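Colleague: Attaching a predicted model along with its sequence, questions to come.
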There are 2 protein chains.
Amino acid sequence: MVTIYKVAEKARTSPGTVSKALSNKGCVAEETKRNIERIAKRLNYTPNLQAQSLKTKKTYTLGLLIPDISNPFYSAVTKGIYNRVREEGYHFILGNSYGDPIEELNILRMFHASQIDGLILMAAEVEEDKNFFQHLSGLVNSGLPVVLCDRKTDHLLVDQVRVDSVKGAYLATHHLIDLGHNRIGFINGSSRVLAGLERLKGYQKALIEHHILVDKNLISEEGFNQEGGYRSMQKFLKMRQRPTAIFAANDVIAFGAILAIREVKLKIPEKIAIVGFDDIELASVVSPGLTTVAQPKEEQGKIAASLLLERINKTGPREPQKILLEPRLVVRESTISVRP
Amino acid sequence: MVTIYKVAEKARTSPGTVSKALSNKGCVAEETKRNIERIAKRLNYTPNLQAQSLKTKKTYTLGLLIPDISNPFYSAVTKGIYNRVREEGYHFILGNSYGDPIEELNILRMFHASQIDGLILMAAEVEEDKNFFQHLSGLVNSGLPVVLCDRKTDHLLVDQVRVDSVKGAYLATHHLIDLGHNRIGFINGSSRVLAGLERLKGYQKALIEHHILVDKNLISEEGFNQEGGYRSMQKFLKMRQRPTAIFAANDVIAFGAILAIREVKLKIPEKIAIVGFDDIELASVVSPGLTTVAQPKEEQGKIAASLLLERINKTGPREPQKILLEPRLVVRESTISVRP
DNA sequence: CTGTTAGCGCATTCAG
DNA sequence: CTGAATGCGCTAACAG
C-alpha cells in the first residue's frame, strides 16, 4: 500500500506538506505542490479514508436503510438519493431490512460502527421496535443527522419527507365513486406500515364522505406484493356480491389482482375497475393501462438527501422540517374505457 | 463518542483486555469478560470500524459497481449479492456509473480510498476505458479480489459469472423461426455492451443456421430502455415490409415496442409476435404475457458474491473461475395465442 | 513556507 | 490472565 510517507519520501518532503498539498489547504509553494501532485499520481496514491476519518471525524459515508432494494419504489428513491449525495462527495452503505425489526437493529449497529455522517431511514412498521427506537434516539441525541423518508415519528426531532398517502388514497377512491361505484374493495399491503395505514384511512375517508358504508369484508391485506394482490382478489371474486371496483395499495398488488381477474375472464374496466398506487414505470404498459396514484419517487429521494446534507453541513441545531409531497391521480384505461 | 478506553475505565481494566473480551480472542477470565460485556452494553459501545480496520487491514466493506440501481435487473442482482455478503458480515458501498466510463473511474477511486476488501463489477462497455482498466488492474495486481458479473475481460485474472446471452438470444430467435417467422426484427439496447453484443450474435446465429438473410434494416439499437424500444418499433412499423416478429434485447425494450404496436392497433401475437429477455417480474403481468428469455438474477448475484467471499477468505492465489449460467425460454402469449 | 510531533481508536505484541 | 506500549495512516498544530 502506498501511503503519504512514501509520497513524501519520493518527493523529498514531509508527510505534513504532502497532506496540505493534496488537500489544497494551508500554504504550499506552487512548485512543491506540483511536484507532489506529480509523484502522487505516478504512485497512484489514494489517501486512506479510514485513517483520514479517524483523525477528522468525517467519513463522507451515509447509511441508507430501506426494506428491499429490489422493490421498484425503493430503488427509484434510492437513485434520487444516490445522485444527490454524490454531488457533494458522499457515498452510502445500503441496508435492506426486509421489514424485520431485528435486522433493522443489526443494520443500525453496522452503520454506527461505520461512523456514518448521516442516516436516511425508509418505511417500517408504524409501531417502532423498542430496541431499535432506543438505539436510534441514542444516535440522534449524540448529534447524528437523520432523515425519515416515507416514514414518520412523533418522538424524535428529525427531518421527515413523505407523500400524503391519505390524500392519494382519497383521490383514488373518490375517482371510483365518481364513476358510480359503491362496492369498492381495498387490497392493502399491511396496515402496520405507515403507507398502508394512511391509504386505508384515505379510502375510508372517501367512502364516509359519500355516505358509503365501510364494509370490512371488502378490505383485504396480504402483503405489498403481487402474490398478496392475487390472493386477495381471488377471495373477493368468490363473494356472492363481489366488488365492482378495486383500490390496490400499490401497483404491484394491482398487477396481482389483474392476474386473478383475468383468470376468471372478467373485463377490466367494464366488469371490474381497478386503481393502483405509485405509478411505477410499467403501470402504463400493462393492458389495460393502470389508473394509479403517482408519487414523486426520485424527487422524494432527492429531497431526503438534500435535507440530510443541509443538516450535516449546517452547524448548530435547526428546526426539524416535515415535508409532505402531493400525490397525483393518473387516469388510464383500467377505470375508464377509452374505446370509442 | 464512547471508546474502548471509556469502557476499560468503567470496567476497571485496560483497553487491551476489553478488546480481547469483546472480540472473543485471547484469554480473558470468564468473570472479567462478563463484566466488560455488561459495561459495554450499558454504554452502548460500538467499536470504531475505521480504527479497527486501520489496524487489521480489514474493512468488511465491498464495492459494488453497477450501471443503474433503478433498473430491475440490476436491483435483483444487487439483492442476491446483498443477502449473500450479509451472511458473512460484509456490507457494500453502491456505485452507479450510468454507463459513463469517467464516472466508473471516479467510483473506483472512491472504493479504493475506502479500502474495500473486494469488488464486484457489473456490465459496462465491451471496449474498456483505458484509464479505468489501468487503475483496475493496479488494484487486481495489488491483491484486491475482484469478480465480474455480467461483464467480461480477457486481460485480467479475475472470477467471472454471467449468463450465456448468445444462447439465450439463439433460443428466442429460434423459437420465432419455429413459429414460421422469417422477417424477425431485433431491437437491441447497445452492441457496445457485452449483453447487447452477445444477443446480437445469438440472433444472427439462429438466422444463419436457418438460412435466413440477416437484414440490417431489421436491426435497431437505441438504448436498453422503454423509449428505445418504442422508437425502434415505430421505425419498423413504417417499413413497407414490416417484420412479423420482434426479438427485443430486454423486457423493458419489449414493453416499449408493445406500446408502439398497440398504438397502431396491431394484434399481438397474431400480427406481430414478440420476445423479450430477462423475465422481469412484470413480464407475466402485461397482456399479452410476454414470451421472454429468463435468466437467474438473484442467483447470479449470489454466485458472484460467493466467488468474491471465497477469494477473500482463501489465502494464496487460486485459478480464476468463469461461470456461465444457462438462460431459459419462457413461452407466453406474446408469441403463441392460447385462446381456444 | 516546511518539517516535526502528537494523537484519532483500536488490536497486538510482550512483559509481568 | 492482565496491562502497558506500539503503530496502523492521516491531519492539525506548532515550531522552525
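Modeller: Yes, it's here.

Colleague: what's the closest residue to residue A:36 other than its chain neighbours sitting at in phi/psi?
Modeller: Excluding its sequence neighbours, the residue lying closest to residue A:36 (Cβ to Cβ, 6 or more residues apart in numbering or on different chains) is residue A:21, at 4.3 Å. C-beta here means a position set from N, CA and C on the backbone, and glycine is covered the same way. Dihedral pair for residue A:21: phi -60, psi -50, per degrees, to the nearest 10.

Colleague: so residue A:21 touches residue A:37, yeah?
Modeller: Yes. Under the criterion of Cβ atoms under 8 Å, residue A:21 makes contact with residue A:37 at 6.9 Å.

Colleague: Those two: which is more packed in?
Modeller: Neighbours per residue (other Cβ atoms under 10 Å in any protein chain shown) separate residue A:21 from residue A:37, with residue A:21 holding more: 24 against 16.

Colleague: Next, the contact list for that one, please.
Modeller: A:28, A:32, A:33, A:36, A:37 (Cβ atoms under 8 Å, 6 or more residues apart in numbering or on different chains).

Colleague: switch to 10 Å and redo it
Modeller: Applying Cβ atoms under 10 Å, 6 or more residues apart in numbering or on different chains, we find residue A:21 in contact with A:7-8, A:11, A:13, A:28-29, A:32-37, A:39-40.

Colleague: can you tell me if the helix or strand hosting residue A:147 touches chain B.
Modeller: Using DSSP states H and E, residue A:147 sits within strand A:146-149. No. On the criterion Cβ under 10 Å from any Cβ of the partner chain, strand A:146-149 is out of touch with chain B, staying 15.5 Å away.

Colleague: go on, stretch A:319-331?
Modeller: No. Using Cβ under 10 Å from any Cβ, stretch A:319-331 stays clear of chain B, coming no nearer than 15.5 Å.

Colleague: One more: stretch A:111-123?
Modeller: Yes. Using Cβ under 10 Å from any Cβ, stretch A:111-123 reaches chain B at A:111, A:112, A:113, A:114, A:115.

Colleague: tilt between the one helix or strand residue A:73 maps to and helix B:72-87?
Modeller: In this structure, residue A:73 is located in helix A:72-87 according to DSSP H and E. Interaxial angle, helix A:72-87 versus helix B:72-87 (axes from the mean of the first three to the mean of the last three Cα atoms, to 10 degrees): 80 degrees.

Colleague: Can you list the buried residues in the following helix or strand past helix A:72-87?
Modeller: Using DSSP H and E, the helix or strand that follows helix A:72-87 towards the C-terminus is strand A:91-96. For strand A:91-96, a neighbour-count test (16 or more other Cβ atoms under 10 Å in any protein chain shown) marks A:91, A:92, A:93, A:94, A:95, A:96 as buried.

Colleague: try stretch A:127-142
Modeller: For stretch A:127-142, using 16+ other Cβ under 10 Å, the buried residues are A:128, A:129, A:132, A:133, A:135, A:136, A:137, A:139, A:140.

Colleague: nearest spatial neighbour of the second one, skipping sequence neighbours?
Modeller: It stands for residue A:129. Nearest to residue A:129 is residue A:101, by Cβ to Cβ, 6+ apart, at 3.6 Å.

Colleague: residue in chain A nearest to DNA strand C?
Modeller: residue A:16 (2.6 Å; Cβ to the nearest atom of the strand).

Colleague: That residue reaches residue A:22, doesn't it?
Modeller: No. The criterion here is Cβ atoms under 10 Å, and residue A:16 misses it with residue A:22 at 11.3 Å.

Colleague: where do the contact lists of these two overlap?
Modeller: Joint contacts of residue A:16 and residue A:22 (Cβ under 10 Å, 6+ apart) are residue A:4.

Colleague: Please identify which of the two sits among more neighbours.
Modeller: The neighbour comparison of residue A:16 against residue A:22 (other Cβ under 10 Å) goes to residue A:22, with 17 against 11.

Colleague: which residues of the stretch 151-300 of chain A fall in strands?
Modeller: A:159-163, A:184-188, A:219-221, A:245-248, A:273-278, A:291-294 (DSSP state E, counting those that start in this stretch).

Colleague: looking at the ones you listed, which is closest to residue B:311?
Modeller: Within these, the stretch nearest residue B:311 is strand A:273-278; the backing value is 39.3 Å (Cβ to Cβ).

Colleague: ok, which residues in the stretch 1-150 of chain A are in contact with DNA strand D?
Modeller: A:1, A:3-5, A:15-16, A:19-20, A:22-23, A:25, A:45, A:47-48, A:51-52, A:54-56 (Cβ under 7 Å from any atom of the strand).

Colleague: Would you mind checking the residues you listed for buried ones?
Modeller: A:4, A:19, A:20, A:22, A:45, A:47, A:48, A:51, A:52, A:54.

Colleague: any chance you could map the helices in chain A?
Modeller: Using DSSP state H, the helices of chain A run over residues A:4-10, A:15-23, A:30-43, A:49-56, A:72-87, A:101-113, A:130-141, A:165-178, A:194-209, A:226-237, A:251-263, A:298-313.

Colleague: Make CSV out of those helices and add mean pLDDT.
Modeller: Converted to CSV, the helices of chain A look like this (pLDDT from 0 to 100):
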stretch, mean pLDDT
helix A:4-10, 91
helix A:15-23, 91
helix A:30-43, 90
helix A:49-56, 94
helix A:72-87, 96
helix A:101-113, 95
helix A:130-141, 92
helix A:165-178, 97
helix A:194-209, 96
helix A:226-237, 95
helix A:251-263, 92
helix A:298-313, 96
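
Colleague: Dump the ones you listed to TSV, plus distance to residue A:329.
Modeller: As requested, the helices of chain A are exported to TSV (distance: least, Cβ to Cβ, whole Å):
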stretch	distance to residue A:329
helix A:4-10	58
helix A:15-23	51
helix A:30-43	55
helix A:49-56	46
helix A:72-87	17
helix A:101-113	33
helix A:130-141	35
helix A:165-178	5
helix A:194-209	12
helix A:226-237	20
helix A:251-263	13
helix A:298-313	17
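
Colleague: Find the nearest non-adjacent residue to residue A:201, please.
Modeller: residue A:166 (5.1 Å).

Colleague: what residues are up against the one you found?
Modeller: A:197, A:198, A:199, A:200, A:201, A:202, A:203, A:204, A:205, A:206, A:324, A:327.

Colleague: Next: residue A:212.
Modeller: Per Cβ under 10 Å, 6+ apart, neighbours of residue A:212: A:173, A:177, A:181, A:182, A:183, A:184, A:204, A:206.

Colleague: Filter those residues down to the buried ones, PyMOL style.
Modeller: Buried residues within the contacts of residue A:212, by 16+ other Cβ under 10 Å, are selected in PyMOL with:
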select buried, chain A and resi 173+177+181+183+184+204+206
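
Colleague: Turn the contacts of residue A:212 into JSON lines, columns for distance to residue A:242.
Modeller: Below are the contacts of residue A:212 laid out as JSON lines (distance: Cβ to Cβ, whole Å):
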{"residue": "A:173", "distance to residue A:242": "17"}
{"residue": "A:177", "distance to residue A:242": "17"}
{"residue": "A:181", "distance to residue A:242": "12"}
{"residue": "A:182", "distance to residue A:242": "13"}
{"residue": "A:183", "distance to residue A:242": "8"}
{"residue": "A:184", "distance to residue A:242": "11"}
{"residue": "A:204", "distance to residue A:242": "20"}
{"residue": "A:206", "distance to residue A:242": "20"}
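
Colleague: quick one on the thing from earlier: among the contacts of residue A:166, which one has the most neighbours?
Modeller: That'd be residue A:199 among the contacts of residue A:166, by other Cβ under 10 Å, with 28 neighbours.

Colleague: Looks like it contacts residue A:189 (just checking).
Modeller: Yes. Using Cβ under 10 Å, residue A:199 is in contact with residue A:189, at 8.5 Å.

Colleague: Right, I'll leave it there.
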